[in-house]
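*Asks:* give me the fold of what follows.
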Amino acid sequence: MHTDIFIIGAGAAGMAAALAAEEKGYKDILIAERGERAGGVLLQCAHKGFGLGFFGEDLTGMEYAARFRMYLTGSRV
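*Replies:* Numbers count the residues shown, from 1 in each chain. Predicted structure coming up:
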């Protein structure tokens, strides 16, 4: 199996790295995640304070993770 970039962990950093790599033109990007779904510790954060820098919105951790998953679903990752 060939991959240009292999990312370990689908938390916020892993998902952001995958999207950034795609924006840079990498085509074969693979994320390995041990959990059932992407999001990492964000899935435990019910408070707001996430997303201002990346999405320009004040989101809860769960909303932030969901937004990343939505973008990844529409990508080549």
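
*Asks:* where do the strands sit along the chain?
*Replies:* 5-8, 29-32, 48-50, 59-60 (DSSP state E).

*Asks:* list of residues touching the first one?
*Replies:* Same thing as strand 5-8. Applying C-beta atoms under 8 Å, 6 or more residues apart in numbering, the contact partners of strand 5-8 are Gly14, Ala17, Ala18, Ala21, Tyr26, Asp28, Ile29, Leu30, Ile31, Ala32. For glycine as for every other residue, the C-beta is placed from the backbone atoms N, C-alpha and C.

*Asks:* any chance of the residues you listed in a markdown table, plus distance to Ile5 and pLDDT?
*Replies:* Converted to a markdown table, the contacts of strand 5-8 look like this (distance: C-beta to C-beta, whole Å; pLDDT from 0 to 100):
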| residue | distance to Ile5 | pLDDT |
| --- | --- | --- |
| Gly14 | 11 | 95 |
| Ala17 | 8 | 94 |
| Ala18 | 8 | 94 |
| Ala21 | 5 | 95 |
| Tyr26 | 5 | 94 |
| Asp28 | 7 | 93 |
| Ile29 | 5 | 95 |
| Leu30 | 7 | 95 |
| Ile31 | 9 | 95 |
| Ala32 | 12 | 96 |
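
*Asks:* can I get the buried ones among the residues you listed as something I can paste into ChimeraX?
*Replies:* The ChimeraX command for the buried members of those (criterion: 16 or more other C-beta atoms under 10 Å) is given here:
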select :14,17,18,21,29,31
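
*Asks:* Leu72: what's it in contact with?
*Replies:* Met15, Ala18, Leu19, Ile31, Ala38.

*Asks:* report the contact partners of the third one.
*Replies:* So that's Leu19. Neighbouring residues of Leu19 by C-beta under 8 Å, 6+ apart: Phe68, Tyr71, Leu72, Ser75, Val77.

*Asks:* against Ser75, how distant is the first one?
*Replies:* When distance is defined by C-beta to C-beta, to the nearest Å, Phe68 is 10 Å away from Ser75.

*Asks:* so these two - more neighbours on which side?
*Replies:* Neighbour count, other C-beta atoms under 10 Å: between Phe68 and Ser75, Phe68 has more, with 25 against 14.
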